[in-house]
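J.: requesting a structural model of the entry that follows:
(2 chains)
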Protein chains: 2
Amino acid sequence: MPSPRFTAESTSNGVIERDFVVGEVPGVLWSPASGTGRAPLVLMGHAGGNHKRHPAMVGGARRLVTDGGFHVAVLDAPGHGDRPRTAYDEQEVAALRRAREAGEPEGPVARRYSAHLAELAVPEWRATLDALQQLPEIGVDGPVGYFGISLGTAIGVPLVAAEPRITAAIFGLFWPETLVATARRITVPIEFDMQWDDEDMTREAAFELFGAFASTEKTLHANAGRHHEVPRFEADSAVRFFLRHLDTTRPPG
Amino acid sequence: MPSPRFTAESTSNGVIERDFVVGEVPGVLWSPASGTGRAPLVLMGHAGGNHKRHPAMVGGARRLVTDGGFHVAVLDAPGHGDRPRTAYDEQEVAALRRAREAGEPEGPVARRYSAHLAELAVPEWRATLDALQQLPEIGVDGPVGYFGISLGTAIGVPLVAAEPRITAAIFGLFWPETLVATARRITVPIEFDMQWDDEDMTREAAFELFGAFASTEKTLHANAGRHHEVPRFEADSAVRFFLRHLDTTRPPG
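T.: Alright, predicted model coming up:
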C-alpha cells in the first residue's frame, strides 16, 4: 500500500499544507505544524463547481487544524479543479448552465450528475484513505470523519455507507431522491445542515433526507437564509462535532 | 433602584454562587470567581415543575461561567421552587398530573398554565434585571442574553419581546399556539432547540414557532430523541452562541 505522493509543501500560521496525488487524483492535506504523535483525520468534500482550494475548503480546513488539531484532506472531485473534464462532464455542466440561465430548477440535472460523480469518487476516496493512513501521523487505525455539503453530500453519503473507517459525518444541502435509501444504512453520528429559506430545495426535502439516517445521534441545523448563506459559525460547530466524536486522546501509536 | 439582596454566598471550582432576592422572588447568580471588570449576563429560565437549582440549571450555569466568562441568573418561576403555590397553581398542577396519569396530552393545560405564569414572571424578570444591572460587575449598559427551554420559552418569548436590553436568546420545546404572535415581534438572534422524536409535540409545531421569529439570524437545532433527551452538547452550543452575540471584549466600565 503506497503513501500519497507529495508534490508541494508550505507552512503558514501553524498549519502545514501539502499537495498530494493518489493515482490520478490530486488533493491537499492540511496538518498541525506543531503536531507530535497522531491526530484524527477529517475528509472534506467540496461543493459542485468548486475545487479543493475553494475558500470554503481552505477556511474550513484551517479551522479544523487550528481549533481541533485534526488532519484535513480534500480531493478534487472528478471533472473539478485540476482534473480533466470528459465529454459527459461538459454536457452536464452545459445542462446546469442552461437551467440556471432559463431560471429553471437545477435539481434534476444536479441529482443525476452528482450520482454519476459519486460512483467515480467513492473508490477514489477509499484509495486516498488507504494511502493517508500509511502516514505515521495518521495511522491505520486512527479515527476518521467526513464533512461535505451539497456535492460533498452526494458523494459523502455513499462513501460513509460503504466505509466503516468513517465514524462521524456532517452533511447537508442536497436532495433526498438519490440518497435516502443509502442514508438508511448509515448509523454513525450525523450533523446535517439545511437553509431555512433555500431557493433550490424545499424544507420537506431536507427533513426527508435528515430523517432517513439510521443514526441514534443526529442533529439538524437549520439556519435562516438562502442556499449559499450557510453561516460561518457552522464551521465552528463542525470542529466541536468532530472533537466530540473523533477520539483525540489516544496516545501516539 | 436597589441592588439584589444577597442571602448566601459560596465558591467552588472557580464559580461564585450567590443566592439573592428581588422583591419576593428568589434567585441564584453564578459568576466567575476570577472576574475582574464587567462581563455579560445570561438570564436562564427553568422548565415546568423544576426550579432554580435543578441540575440542568446548575450544570448550564457553571458551563456558561466557566467556558464563557458570563454571569448567569436564574429565578424560581411563580409557584415553583421556594415560592408558595396559590390555589390556582395547585389546580393546574393537579390537572397536569391527571392528564399524565390518564395518558392524555398535557399540552392544553401546559399552554394555559404557562401563559398565566408568564404574565406574572415577565415583570419579575424585568425588575430582577434592573437590580442585577446595579452590580458594578454587570453594569447598566452591559450585554444581556436569555436561555430558557419549555416553560423557560413560554416565559422567555414575551420577556424578550418586551425587553430591549436582551439582545440574543435561546428557546425551544414549546408549542406555538400561545407564542407565535409574540415571536413575530422578536428580531434578535435566536437559537431554537427541538427534539426530532418528541412525544409531546409535533415537528410541525416546532417549525411553526421557529418560523415565526422575525430574526434575520436564527438557527433551529433538531436532535434525534424524545422530549427529555435534549443532548448535553446543546449546553456547549449555547456557550458558543452567547460568545458570538454578547460582546465580551468591552473594557471594564
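J.: so what's the residue in the stretch 51-200 of chain A that chain B sits nearest to scoring on pLDDT?
T.: Per Cβ to the nearest Cβ, A:Trp196 is where the stretch 51-200 of chain A lies closest to chain B, at 7.1 Å. C-beta: built from backbone N, CA, C; applies to glycine. In this model, A:Trp196 is scored at 98, pLDDT.
J.: please name the bridge partners of A:Ala73.
T.: A:Leu29, A:Leu43 (DSSP bridges).
J.: can you get me a residue count around it?
T.: 27 (other Cβ atoms under 10 Å in any protein chain shown).
J.: check whether the residue of the stretch 51-200 of chain A closest to chain B really touches B:Ala222, as I assumed.
T.: No: using Cβ atoms under 8 Å, A:Trp196 is not in contact with B:Ala222; the gap is 11.8 Å.
J.: show me where pLDDT drops low in the stretch 101-250 of chain A?
T.: A:248-250 (pLDDT under 70).
J.: give me that answer again for 80
T.: Scanning the stretch 101-250 of chain A for pLDDT under 80 picks out A:247-250.
J.: all strands of it, in order?
T.: A:144-148, A:166-172, A:190-195, A:218-223 (DSSP state E, counting those that start in this stretch).
J.: between the ones you listed, which one is closest to B:Pro40.
T.: Comparison of the strands of the stretch 101-250 of chain A against B:Pro40 by Cβ to Cβ identifies strand A:218-223 as nearest, at 23.0 Å.
J.: for A:Gly48, find the nearest of the strands of the stretch 101-250 of chain A.
T.: strand A:144-148 (10.9 Å).
J.: partners of that closest one in the sheet?
T.: When DSSP bridges is applied, strand A:144-148 pairs with strand A:41-45 (parallel), strand A:166-172 (parallel).
J.: quick check: buried residues in the last one?
T.: The neighbour-count check on strand A:166-172 (16 or more other Cβ atoms under 10 Å in any protein chain shown) flags A:Ile166, A:Thr167, A:Ala168, A:Ala169, A:Ile170, A:Phe171, A:Gly172 as buried.
J.: redo the residues you listed as CSV? Include distance to A:Leu64.
T.: Shown next, in CSV, are the buried residues of strand A:166-172 (distance: Cβ to Cβ, whole Å):
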residue, distance to A:Leu64
A:Ile166, 15
A:Thr167, 16
A:Ala168, 13
A:Ala169, 14
A:Ile170, 11
A:Phe171, 16
A:Gly172, 16
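J.: of all those residues, which two lie farthest apart?
T.: A:Thr167 and A:Gly172, at 18.6 Å, using Cβ to Cβ across the buried residues of strand A:166-172.
J.: ok so, going back, who touches both of A:Trp196 and B:Ala222?
T.: Listed as contacting both A:Trp196 and B:Ala222 by Cβ atoms under 8 Å, 6 or more residues apart in numbering or on different chains are A:Ala222.
J.: buried deepest among the strands of the stretch 101-250 of chain A, which one?
T.: Highest mean neighbour count of the strands of the stretch 101-250 of chain A: strand A:144-148, a mean of 27 (counted as mean count of other Cβ atoms under 10 Å in any protein chain shown).
J.: and for that one, what are the contacting residues?
T.: A:40-46, A:60, A:64, A:70, A:129, A:155-156, A:159-160, A:165-171, A:238, A:242, A:245-246.
J.: what's the spacing between it and its chain's center?
T.: 6 Å (Cα atoms, centre = their mean, to the nearest Å).
J.: as PDB, could you dump the C-alpha coordinates of it?
T.: Output in PDB follows, covering the C-alpha atoms of strand A:144-148 (Å, rounded to 0.1, in the frame of the first residue of the first chain):
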ATOM      1  CA  VAL A 144     -11.700   9.300  10.600                       C
ATOM      2  CA  GLY A 145     -14.600  11.800  10.000                       C
ATOM      3  CA  TYR A 146     -16.200  13.200   6.800                       C
ATOM      4  CA  PHE A 147     -17.500  16.700   6.200                       C
ATOM      5  CA  GLY A 148     -19.200  17.600   2.900                       C
END
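J.: tilt between it and strand A:190-195?
T.: Using axes from the mean of the first three to the mean of the last three Cα atoms, to 10 degrees, the inter-axis angle of strand A:144-148 relative to strand A:190-195 is 10 degrees.
J.: which residues does the nearest residue to A:Ala214 once chain neighbours are set aside contact?
T.: Excluding its sequence neighbours, the residue lying closest to A:Ala214 (Cβ to Cβ, 6 or more residues apart in numbering or on different chains) is A:Thr187, at 4.9 Å. A:Thr187 sits next to A:Phe213, A:Ala214, A:Ser215, A:Thr216 when contact means Cβ under 8 Å, 6+ apart.
J.: tell me the phi and psi of A:Thr187?
T.: Here is the backbone geometry of A:Thr187 (degrees, to the nearest 10): phi -120, psi 0.
J.: likewise A:Arg100?
T.: According to degrees, to the nearest 10, A:Arg100 has phi -60, psi -50.
J.: let me know the distance separating it from A:Glu90.
T.: 16 Å (Cβ to Cβ, to the nearest Å).
J.: so how far is A:Pro158 from the spatially closest residue to A:Arg83 that is not a sequence neighbour?
T.: Distances taken as Cβ to Cβ, 6+ apart place A:Asp76 nearest to A:Arg83, at 4.9 Å, with adjacent residues excluded. Distance of A:Asp76 to A:Pro158, given as Cβ to Cβ: 18 Å.
J.: same check, this time on A:Gln134
T.: A:Gln134 is 24 Å from A:Pro158, by Cβ to Cβ.
J.: these two: which has the busier surroundings?
T.: A:Pro158 (21 against 13).
J.: surely that one is in contact with A:His116?
T.: No: counting by Cβ under 8 Å, A:Pro158 does not reach A:His116; the two are 11.9 Å apart.
J.: near the residue of the stretch 51-200 of chain A closest to chain B, how many other residues are there?
T.: By other Cβ under 10 Å, neighbour count at A:Trp196 equals 18.
J.: and for the one 10 residues further on?
T.: As a burial measure, A:Ala206 scores 23 neighbours (other Cβ under 10 Å).
J.: now swap in A:Arg185 and tell me
T.: Neighbours of A:Arg185 (other Cβ under 10 Å): 14.
J.: could you pull up phi and psi at it?
T.: Per degrees, to the nearest 10, the backbone of A:Arg185 is at phi -90, psi 0.
J.: please report how far it lies from B:Glu199.
T.: 26 Å.
J.: do the same with A:Asp236
T.: In terms of Cβ to Cβ, A:Asp236 sits 32 Å off from B:Glu199.
J.: between those two, which has more neighbouring residues?
T.: Set A:Asp236 next to B:Glu199 and count neighbours by other Cβ under 10 Å: A:Asp236 wins out with 16 against 9.
J.: contact partners for that one?
T.: Per Cβ under 8 Å, 6+ apart, neighbours of A:Asp236: A:Arg63, A:Asp67, B:Arg240.
J.: between these, which is nearest B:Val21?
T.: B:Arg240 (32.2 Å).
J.: could you tell me how many residues sit around the residue nearest to A:Arg83?
T.: 20.
J.: surely it meets A:Met57?
T.: No: proximity of A:Asp76 to A:Met57 does not meet the contact threshold set by Cβ under 8 Å, at 10.2 Å.
J.: shared neighbours, these two?
T.: Joint contacts of A:Asp76 and A:Met57 (Cβ under 8 Å, 6+ apart) are A:His46, A:His51.
J.: could you dump the strands paired with strand A:144-148 into CSV and include distance to B:Thr178?
T.: Formatted as CSV, the strands paired with strand A:144-148 follow (distance: least, Cβ to Cβ, whole Å):
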stretch, distance to B:Thr178
strand A:41-45, 43
strand A:166-172, 32
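J.: nearest residue to A:Thr86 in space, ignoring adjacent ones along the chain?
T.: A:Gly79 (6.6 Å).
J.: could you do A:His245 as well?
T.: A:Ala168 (3.6 Å).
J.: neighbours of A:Leu64, just the number please.
T.: 26.
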